[in-house]
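A.B. asks: Have a look; sequence and predicted model below, questions after that.
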Amino acid sequence: MTDQTLGKSPRSILLLLAAGLALMLVSTLSYLSSNPSLVAHTGAGSAAPQSAPAGQQMPTSAGMDDATQQRIMALMQKLQQNPTDLEALTGLAEHFMHTQDWQKAETFALRAVVAAPNETQPLYMLGIIQHNQNRHAEAAASLEKVVSVRDDPSVRYSLGILYAYYLNQPDKGLEQLQKALDNPAAPDDLKKAVAKEMDQIKEHKNHAPQQAQ
């Protein structure tokens, strides 16, 4: 996590969990911590579209290498052919998350949510983007929708961090972390991290007044 908000806190886990944007494939936190960059898992193509989809500006090529430019052009071409193409929408959202252009990333993530309302990845991406714009309540709401569809312990962990440290709701944070801890699918390293975080939240809660929920 390299944005101004998250870079200040070692507990800002949301972008670390999103490092690979493989929501249901998170295996270990140690791997994520050592691989913080986003991974674009979209198809590449060499043919460039003649124009961008209606109402959509082409991404700037400044600072992009040739392979990245070709990939982005290919994704834009797919959107020109099908404005609701989920792979293209999420691929472009990932790209702009990687470059920390949160406004553009949110545009594509929102379109992906509309295009595939039953998919959890666009919602998860949207939550990360909202968090990076300091819209923590909205981020929590997005992640709540994710776990309502699929009870993923890593997302519960993210929710616990959001509630406890960014929304000053330690009880809700502990509730989410406990659910992550109780999930049999949670890997051992995640459980250790969750348990440690719960101890720290409880200690902090006992020494600081809690605002009204």
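C.D. replies: Noted; the coordinates are in hand.
A.B. asks: make it CA atoms for all contacts and neighbour counts henceforth
C.D. replies: Noted.
A.B. asks: can you pull the contacts of A137?
C.D. replies: L167 (Cα atoms under 8 Å, 6 or more residues apart in numbering).
A.B. asks: Can you give me the pLDDT of it?
C.D. replies: On the pLDDT scale, A137 is placed at 97.
A.B. asks: That one sits in which helix or strand?
C.D. replies: Secondary structure from DSSP states H and E places A137 in helix 136-149.
A.B. asks: buried residues in that helix?
C.D. replies: Residues of helix 136-149 classed as buried by neighbour count (16 or more other Cα atoms under 10 Å): H136, A137, E138, A139, A140, S142, L143, E144, V146, V147.
A.B. asks: Including distance to P117, could those go into TSV?
C.D. replies: Compiled in TSV, those are given as follows (distance: Cα to Cα, whole Å):
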residue	distance to P117
H136	21
A137	20
E138	17
A139	16
A140	17
S142	12
L143	14
E144	14
V146	11
V147	14
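A.B. asks: what about I129, which SS state?
C.D. replies: Classification of I129 using DSSP: H, G, I helix; E, B strand; the rest coil returns helix.
A.B. asks: Would you agree it is in contact with M97?
C.D. replies: Yes: the criterion here is Cα atoms under 8 Å, and I129 meets it with M97 at 7.3 Å.
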